[in-house]
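Engineer: Quick one, fold the following:
(chains A, B and C)
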Amino acid sequence: MPVARPELSDSRVIAHVDMDCFYVQVEQRKQQSLRGQPTAVVQYNSWQGGGLIAVSYEARKFGVKRSMRGDEAKQVCPEIHLVQVPVARGKADLNTYRNAGSEVVSILSRRGRCERASIDEVYLDLTIAAEAMLADNPPECLETISEDVVQSHVLGLEEVGSDARENVRHWFTRSDASRRDKLLACGAFIVAELRLQVLEETEFTCSAGIAHNKMLAKLASGMNKPAQQTVVPFSSISKLLRTLPIKKMKQLGGKLGTSLQIDLGVNTVGDLLQFSEEKLQEYYGVNTGSWLWNTARGINGEEVKERLLPNSHGSGKTFPGPRALKTVASVEKWLNELCEELSERLQSDLEQNKRIAHTLTLHAHAYKSNDADSFRKFPSKSCPLRYGTSKIKEDALSLFQAGLREYLGQYNVKISGNQKSGWGITGLSVSASKIAAIPSGTRSIMNYFHNQEETFPQVKLSSEQLIQDAPLLSPSEEDSLESGGHLTLQSLEPWIACREENEETKYSMPLDRQEEDKDTCKEKLPDKETSICSSPGTSSYWF
DNA sequence: CATTCGGTCGAT
DNA sequence: ATCGACCGA
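Structural biologist: Model (predicted):
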């Protein structure tokens, strides 16, 4: 875990904003009668009532936990409302949650650099905005502070008196505070405003942490939920961390945290203080060692990245136990569903954000029942991503077959597709990564899709989008676009210097592979030479 | 092989 | 390129 610019004197104003049981809130907004009710969102009701994905705070009062299945939740809390995750193409469809997350991000990104950290969390760097507020309109000059701000939790204040509320009000307005504290106070004002805007514009509540770095902001946002915010002044850090269980820290909830407990006897963050940086580096390597040493002191230099959009898209499904896929034909069927969803999301990303993904990756989980060596991992495979649903399907299947051959090993015991083959696929997913903005130059864009899409032209760009990105178009071309409204690439074709080839350069595999499986008739690898990403001299300015 | 379905990042 | 750790609803 490398660290950017770790400094004890860090005076940035960083916030972490976290939606409260987000999936539940999304469902409650869809179905208002669920508001205030014990509610849980459930995925796949077919087995023991399905798994609980998100649990409302009302349901938590009854002892409903996320680790429960639907049936258990009903036992503990018979009146609970179980809402199913939407299903499309036979699998969970998370698009409503993704879109709701985007709504929230568009609000939370108004006041400073914003990093979308997950479907429902962001980090904000509010340093600039807080400095400006401190200069122009500092809290100490305010006559009254809004109720939302006074309701903040400020760590380290509780024990300083009896009236917690008055303490908070005083902390926010004291003129003799350190500059760091004043900056955090301004940050808390800004975050309270943002949270109010989120509530007004989306009906969602969220919680937040305000601190001098990402690590502490994240820690604080979870301390008071729901719909509250927590400030971590510099002076409160050491006391906060001294007794904090090590597993509560982000990045230490897994194996590394366990190793700290078991191997070093470290149970709280404070326990880490006794180890020198060199010692920690001996155990865990240079980067992780330094990161741990800094973490023990509440130091974390990670920058808030500017990122409102995800770096990858994926679509996957598990096939547990007896539902494991046993034939290539059934794998192909499900792969097609997954690819359709992925392709749809890629099209949306293209239209809404003008971004293109460059790599397609297939992941699978498999078992071999006969083999003693049954625990081998099914290898992931990737190839250049060609746009168009059918191309994606084609390439994904090829990647799977390449992976399957490798998985089954060298000599392939003549596995016929429609028989119990000794293997089963328990999980499949396709993902698209290396997503980059389309550079200016519509000619390239059109060429790009022309090259990939001539058999299945499905890409539509609005005329506005095309023109925005089309500095290279001649006026006459713009006219054509404008009158056209929506255009398919087919209709663009006349303007494009047509390229030759684009053949079917699929090469057939060696014969010894071909009879392996009736379902595996099409045996070919994604052709790297014909793929746009790696074909030199074929179109595309940006490759 | 039964928490499902996403995501991010670093190591190699 | 591929894997694995980690996070979270």
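Engineer: Can you give the distance of the helix or strand encompassing residue A:430 from its chain's centre?
Structural biologist: Assessed by DSSP states H and E, residue A:430 sits inside strand A:423-437. Average the C-alpha atoms of strand A:423-437, do the same for its chain, and the two points are 14 Å apart (Cα atoms, centre = their mean, to the nearest Å).
Engineer: Tell me the buried residues in that strand?
Structural biologist: For strand A:423-437, a neighbour-count test (16 or more other Cβ atoms under 10 Å) marks A:423-435 as buried. The C-beta positions use only the backbone N, C-alpha and C, and glycine is treated the same way.
Engineer: packing partners for it?
Structural biologist: For strand A:423-437, the contact count by 3 or more Cβ pairs under 8 Å, 6 or more residues apart in numbering; DSSP states H and E identifies strand A:313-318, helix A:328-353, strand A:355-368, helix A:389-408 as packing neighbours.
Engineer: Among the ones you listed, which comes closest to DNA strand B?
Structural biologist: strand A:313-318 (3.4 Å; Cβ to the nearest atom of the strand).
Engineer: could you check whether that closest one is close to DNA strand C?
Structural biologist: No - using Cβ under 7 Å from any atom of the strand, no contact is recorded between strand A:313-318 and DNA strand C, whose separation bottoms out at 10.8 Å.
Engineer: now what about that strand, what contacts it?
Structural biologist: Contact with strand A:313-318 is made by A:90-92, A:334, A:337-339, A:341-342, A:345-346, A:349, A:357, A:363, A:365, A:426-432, A:435, as judged by Cβ atoms under 8 Å, 6 or more residues apart in numbering.
Engineer: Paired strands for it, with orientation please.
Structural biologist: As defined by DSSP bridges, the strand partners of strand A:313-318 come to strand A:423-437 (antiparallel).
Engineer: could I get the partner strand in CSV with only the CA atoms?
Structural biologist: C-alpha atoms of strand A:423-437 as CSV (Å, rounded to 0.1, in the frame of the first residue of the first chain):
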residue,chain,number,x,y,z
TRP,A,423,-16.0,-30.5,-14.8
GLY,A,424,-18.5,-27.8,-13.9
ILE,A,425,-18.5,-24.1,-14.1
THR,A,426,-19.6,-22.4,-10.9
GLY,A,427,-19.1,-18.8,-11.8
LEU,A,428,-18.8,-16.8,-15.0
SER,A,429,-18.1,-13.2,-15.6
VAL,A,430,-17.1,-10.8,-18.4
SER,A,431,-15.7,-7.4,-17.8
ALA,A,432,-14.5,-4.5,-19.8
SER,A,433,-11.6,-2.4,-18.7
LYS,A,434,-9.0,0.1,-19.8
ILE,A,435,-11.7,2.6,-20.4
ALA,A,436,-10.6,5.9,-22.0
ALA,A,437,-12.2,9.0,-23.1
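Engineer: near DNA strand B at all, it?
Structural biologist: Yes - using Cβ under 7 Å from any atom of the strand, strand A:423-437 reaches DNA strand B at A:426, A:427, A:429, A:431, A:433.
Engineer: what's the pLDDT at the first one?
Structural biologist: Right, the one you point to is residue A:426. The predicted local distance difference test score for residue A:426 is 95.
Engineer: Tell me the spacing between it and residue A:435.
Structural biologist: In this view, residue A:426 and residue A:435 are 28 Å apart by Cβ to Cβ, to the nearest Å.
Engineer: quick one on the thing from earlier: just name the closest of the buried residues of strand A:423-437 to residue A:393, please.
Structural biologist: Within the buried residues of strand A:423-437, the smallest distance to residue A:393 is 9.2 Å, found for residue A:430 (Cβ to Cβ).
Engineer: Wait, that closest one touches residue A:362, no?
Structural biologist: Yes - Residue A:430 is in contact with residue A:362 according to Cβ atoms under 8 Å; the separation is 5.6 Å.
Engineer: what residues do those two have in common as contacts?
Structural biologist: With contacts taken as Cβ under 8 Å, 6+ apart, the residues that reach both residue A:430 and residue A:362 are A:335, A:396.
Engineer: re the thing from before, mind giving me CSV with the helices and strands packed on strand A:423-437 and columns for distance to residue A:225 and mean neighbour count?
Structural biologist: Formatted as CSV, the helices and strands packed on strand A:423-437 follow (distance: least, Cβ to Cβ, whole Å; neighbours: other Cβ atoms under 10 Å):
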stretch, distance to residue A:225, mean neighbour count
strand A:313-318, 28, 19
helix A:328-353, 30, 19
strand A:355-368, 33, 20
helix A:389-408, 40, 21
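Engineer: Turn those into CSV, including mean pLDDT.
Structural biologist: Formatted as CSV, the entries for those read as follows, by pLDDT from 0 to 100:
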stretch, mean pLDDT
strand A:313-318, 97
helix A:328-353, 98
strand A:355-368, 96
helix A:389-408, 97
